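[1] Quick one, structure for this:
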Amino acid sequence: MTHKDYNSVMLDQIRNSVKDINAIAANEPFELFSNCVPEDVVRNTSRVMLTGCGDSYCASIAAKPVFENADTSTKTGMVPGTPTDALRNIEFSRYYNTYKGWEPTTLTKNLLCSVSISGSPRRPTEAARRMKEIGGTSVAFTTNPNSELAENSSYIIPMYLPSYGSAPNVTSYYTSMFSLMMFGFYMSRAKGQITMSQAEACRNGLLAYANSYSGSVMSRLSEQALELAEKWEKDGVEVMDFVGDGADYATAFFGSAKMVEAFGGLTTNDDSEGWCHINYFIENVDKVGTFIIANTDSPSFGRELETIRVMCRLRSHVAVITNGDASLFPENAVVFRTPEARSPWMHVFMQHIPMDLVAALIAEMRGTKPFRADSEIHQKDADCVRFRKSQIEIIR
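    Okay, here's the model as predicted:
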């Protein structure tokens, strides 16, 4: 069988990703952000908090560099942006400044971007309500302007989401990343850190990178993903770990999440230093599959190379996602070489695709249903207090 012989809603999302990203961009011009959040609001901002659950949290990690360092055409490629934190929902809503307290002179200069596609989980709403109650500003990034999150936020960014059936979501991840990144450039332009032409160049560069995954590139990645999935299934891989540094940690985290959602896989995620301290000791290494993101323009590329060499000495199932040549890595590593991006911050936007493909293909090979739809106990407990019925508490 070839990769084209496999079909699912998740695979449809991946195969249509380039087309969908262009549709998202067409529906979210820079004017959208200025119409939704006034320029004087973002000019007044001295600190940004990005927060979300699951994929939305991954999107926050991915977008953080854009808020902190506005991409330009200068020699270094970056200029200072706005200090930014990417926080898990529970970390922001229950713990952020809980012990030391909020600085009263800067309360009104805090801006929270709370991300949730549906706007229905309680924790993003709790985060927005907490920010408003302490005197800061909250912006809801959601596709549902009538959601509880939207109703409890100061401003709303109505994200565009191409429609698919129920499946582990890939398109929503693009949407959240794109919206946050473009809002970050809107902020930098409004604050005079970059010009409008520079912001447009960043936007166009990101779209050019996304479009570079069209046609033969997507086919090559799909064929390679199928080859890896078939081998790992044949060899009985039972556990997978995912490694990434900086913003690339978002790619590792997201990839591990898709394996769990698609076929119930057991996964872990870490950075290149943490892996050497912890997952180095995992037993039954012949049953462990490892993904690591290692781009040549990463500040920790040298450490990632060291970690990959250790991985490949221990294990026979190691996959590297990189913009570099395969000759840089041990011969027994499977190397997914992705297109070159104009700037390092762009890699995270598309490099999760090889892992998405592996997750979707293994799910089809095993005949499993996403989100444990074939598990009686999981479906029986679907209405328990997981995240939509969770109680909201405001920590001042």
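[2] so who does residue 229 touch?
    Counting by Cβ atoms under 8 Å, 6 or more residues apart in numbering, residue 229 makes contact with 357-358, 361-362, 365. Placement of C-beta: from N, CA and C, glycine included.
[3] Just the ones of those residues in helices?
    Residues of the contacts of residue 229 located in helices (DSSP state H): 357-358, 361-362, 365.
[4] Let me know whether residue 240 touches residue 259 as I believe.
    Yes. The pair residue 240 / residue 259 is scored as a contact, 5.8 Å apart, by Cβ atoms under 8 Å.
[5] Neighbour count and distance to residue 109 for the contacts of residue 229 - can I get that in a markdown table?
    Listed next are those as a markdown table, based on neighbours: other Cβ atoms under 10 Å; distance: Cβ to Cβ, whole Å:
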| residue | neighbour count | distance to residue 109 |
| --- | --- | --- |
| 357 | 28 | 43 |
| 358 | 26 | 43 |
| 361 | 26 | 47 |
| 362 | 24 | 47 |
| 365 | 16 | 52 |
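[6] now, which of these sits nearest residue 18?
    Using Cβ to Cβ, residue 357 comes nearest to residue 18 of the contacts of residue 229, at 13.9 Å.
[7] Spatially nearest residue to the closest one (excluding sequence neighbours)?
    residue 225 (3.6 Å; Cβ to Cβ, 6 or more residues apart in numbering).
[8] what sits against that neighbour?
    Here residue 225 is in contact with 3, 336, 354, 357-358, 361 (Cβ under 8 Å, 6+ apart).
[9] Can you list the residue ranges for helices in the stretch 1-150 of the chain?
    9-15, 17-27, 30-36, 39-43, 55-68, 89-90, 122-133, 148-151 (DSSP state H, counting those that start in this stretch).
[10] Skipping adjacent residues, who's closest to residue 96 in space?
    Nearest one to residue 96, counting by Cβ to Cβ, 6+ apart, is residue 87 at 6.3 Å.
[11] and if you look at residue 391?
    Counting by Cβ to Cβ, 6+ apart, the residue nearest residue 391 is residue 122, at 7.4 Å.
[12] on that earlier part again, of the ones in helices among the contacts of residue 229, closest to residue 345?
    Among the ones in helices among the contacts of residue 229, and counting by Cβ to Cβ, the member closest to residue 345 is residue 357, at 23.0 Å.
[13] what are the bridge partners for the residue nearest to residue 96, then?
    residue 51 (DSSP bridges).
[14] contacting residues for it?
    49-51, 57, 60, 96.
[15] Quick check: the gap between it and residue 176.
    Separation of residue 87 from residue 176 (Cβ to Cβ, to the nearest Å) stands at 15 Å.
[16] just residue 21 next, same as before
    Distance check for residue 21 against residue 176: by Cβ to Cβ, it reads 12 Å.
[17] How about residue 67?
    On the measure of Cβ to Cβ, residue 67 and residue 176 end up 14 Å apart.
[18] Count the residues that sit near residue 4.
    The tally of other residues near residue 4 (other Cβ atoms under 10 Å) stands at 12.
[19] coming back round to it: wait, the residue nearest to residue 391 sits on residue 393?
    No. If you go by Cβ under 8 Å, residue 122 and residue 393 don't touch, sitting 9.8 Å apart.
[20] Between these two, tell me which one has more neighbours.
    Using other Cβ under 10 Å, the more surrounded residue of residue 122 and residue 393 is residue 122, with 23 against 11.
[21] Quick one, grab the pLDDT at that one.
    As predicted, residue 122 sits at a pLDDT of 93.
[22] got it, and residue 395?
    In this prediction residue 395 is given a pLDDT of 85.
[23] residue contacts, it?
    Residue 395 sits next to 93-95, 98, 130 when contact means Cβ under 8 Å, 6+ apart.
[24] Could you report the distance from the closest residue to residue 211 other than its chain neighbours to residue 31?
    Once flanking residues are discounted, residue 211 sits nearest to residue 18: 5.8 Å by Cβ to Cβ, 6+ apart. Distance, residue 18 to residue 31, by Cβ to Cβ: 24 Å.
[25] So between those two, which is more surrounded?
    Using other Cβ under 10 Å as the criterion, residue 18 and residue 31 rank with residue 18 on top: 21 against 9.
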